[in-house]
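Engineer: Predicted structure and sequence below. I'll ask about it afterward.
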Amino acid sequence: MRIAVIGAGGVGGYFGARLAAAGHDVTFVARGKHLEAIQRSGLSVHSPLGEFRTSPASAVPSISDLGPADLVLVAVKLWDTEDVAKQLQSSKVRQAPVLSLQNGVHKDGILRGHLPEEQILGGLCFISAFIEEPGVVTHNSGLQKIVLGPYHDSQRPISESFVGTLLEAGIDAELSPDVEKAIWEKFVFLVGLSATTATVRQPIGVIRGNKRSRRLLYDVMAETVALAQATGVRLDDDFASAQLDFCDTLPAGMTSSMHNDLEKGNRLELPWLSMGVADLAAERNVAAPRNRTVSDILAAYVLGQPTGE
């Protein structure tokens, strides 16, 4: 299978390399020193599930350099989604099905703004991985799963086929009967974890162990559940409580990518997390004061460390 992976960071790098190791023709779109290292020596993955490496010259600097593909995986940061969609429009992969492994509920809508609706598959992933150094991705723990599914019946054959491809490559994969619901379920947890670890600047163990910060975690998730229900997604009324219980099972030192980006002075995905919840909630007359407050606290850091100018 010919697979184009746009973004060779922790997510795209891990899953793309796993598919390449299984014999698929994988091409990464990468940047800078990471691109140079992949072109020179291939992409190496350190994982508790085994070490593997792609062949050299398996990466290109832009979408326009890609050849025809059978599937496109999108794994860039959310702020790059629109630019990726525009570039895909005029590329050699423009007719291939597109599966975004990005976080959040905005991603597929952005892609549909520039690509035919029938090309966009629904999907999400569960993994902790990051670029350790140029050309090297480190995978934490044994969790590495992709959930995907069709938005339309016409997409079922490619969805079923790719799930089989993932399983054969040693990737935990699942075909969802309601992928939109699955995306929102992850989003509820992600918004809660990101909002609290970033604003409190502490891992989940500290947050869940304090009565008031624990309540903040619950409220942020409950507001997101209410938003999902207002958009027609059938989440149970007690889903936020169930997610809070799930948070009690997580390693105490676990944080979020937004917390890590904040600590490093990097750009934040806030507009597609708590800020996105607050804005979508306002459009639908749903109350989301806790997410709005989180947005206000972190707004100055959206583009990275403030300069004070």
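Structural biologist: Structure received.

Engineer: Which SSE is immediately downstream of the lowest-mean-pLDDT helix or strand in the chain?
Structural biologist: For the chain, the helix or strand with the lowest mean confidence is strand 52-53, at a mean of 88 (criterion: mean pLDDT, DSSP states H and E). Going down the chain from strand 52-53, the next helix or strand is strand 59-60, by DSSP states H and E.

Engineer: Give me the distance between the helix or strand following that following strand and the centre of its chain.
Structural biologist: Per DSSP H and E, the first helix or strand lying C-terminal to strand 59-60 is strand 71-74. Centroid separation between strand 71-74 and its chain, computed with C-alpha atoms, centre = their mean, to the nearest Å, is 13 Å.

Engineer: how long is stretch 60-79 from one end to the other?
Structural biologist: Using C-alpha to C-alpha, to the nearest Å, one end of stretch 60-79 lies 20 Å from the other.

Engineer: Now it: buried residues?
Structural biologist: Under the neighbour-count criterion of 16 or more other C-beta atoms under 10 Å, stretch 60-79 has 60, 63, 66, 69-78 buried. C-beta here means a position set from N, CA and C on the backbone, and glycine is covered the same way.

Engineer: Same question for stretch 22-32.
Structural biologist: Buried-residue list, stretch 22-32, by 16+ other C-beta under 10 Å: 22, 24, 26, 27, 28, 29, 30.

Engineer: partner strands of the host helix or strand of the fifth one, parallel or antiparallel?
Structural biologist: Think residue 28. Following DSSP H and E, one finds residue 28 within strand 25-29. According to DSSP bridges, strand 25-29 forms sheet pairs with strand 2-6 (parallel), strand 59-60 (parallel).

Engineer: need those strands in TSV with distance to residue 129, can you?
Structural biologist: Conversion of the strands paired with strand 25-29 to TSV gives the following (distance: least, C-beta to C-beta, whole Å):
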stretch	distance to residue 129
strand 2-6	13
strand 59-60	17
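
Engineer: Of those strands, which stretch is the most buried?
Structural biologist: strand 2-6 (a mean of 24; mean count of other C-beta atoms under 10 Å).

Engineer: That strand: what's the following helix or strand?
Structural biologist: Proceeding N to C from strand 2-6, the next assigned helix or strand is helix 10-21, under DSSP H and E.

Engineer: wait, is residue 124 part of a strand?
Structural biologist: Yes - counting by DSSP: H, G, I helix; E, B strand; the rest coil, residue 124 is part of a strand.

Engineer: what's around it, how many residues?
Structural biologist: By the criterion of other C-beta atoms under 10 Å, residue 124 has 26 neighbours.

Engineer: Who is it paired with across the strands?
Structural biologist: Applying DSSP bridges, one finds that residue 124 bridges with residue 147.

Engineer: Helices of the stretch 101-250 of the chain, start to end?
Structural biologist: 107-112, 156-168, 179-200, 204-209, 211-230, 239-247 (DSSP state H, counting those that start in this stretch).

Engineer: Restricting to C-alpha, output the first one in PDB.
Structural biologist: These are the backbone C-alpha positions of helix 107-112, laid out as PDB (Å, rounded to 0.1, in the frame of the first residue of the first chain):
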ATOM      1  CA  LYS A 107      -9.900  18.800  12.100                       C
ATOM      2  CA  ASP A 108     -12.200  17.000   9.700                       C
ATOM      3  CA  GLY A 109     -14.400  20.000   9.200                       C
ATOM      4  CA  ILE A 110     -11.300  22.000   8.200                       C
ATOM      5  CA  LEU A 111     -10.300  19.300   5.700                       C
ATOM      6  CA  ARG A 112     -13.800  19.200   4.200                       C
END
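
Engineer: Kindly tell me how buried residue 279 is, as a neighbour count.
Structural biologist: For residue 279, the count of nearby residues is 16 (other C-beta under 10 Å).

Engineer: Which strands or helices does the strand or helix carrying it pack on?
Structural biologist: Element membership for residue 279 (DSSP H and E) is helix 274-283. Helices and strands touching helix 274-283, by 3 or more C-beta pairs under 8 Å, 6 or more residues apart in numbering; DSSP states H and E, are helix 179-200, helix 211-230, helix 289-298.

Engineer: name the helices or strands packed onto the last one?
Structural biologist: Applying 3+ C-beta pairs under 8 Å, 6+ apart, we find helix 289-298 packed against helix 179-200, helix 211-230, helix 274-283.
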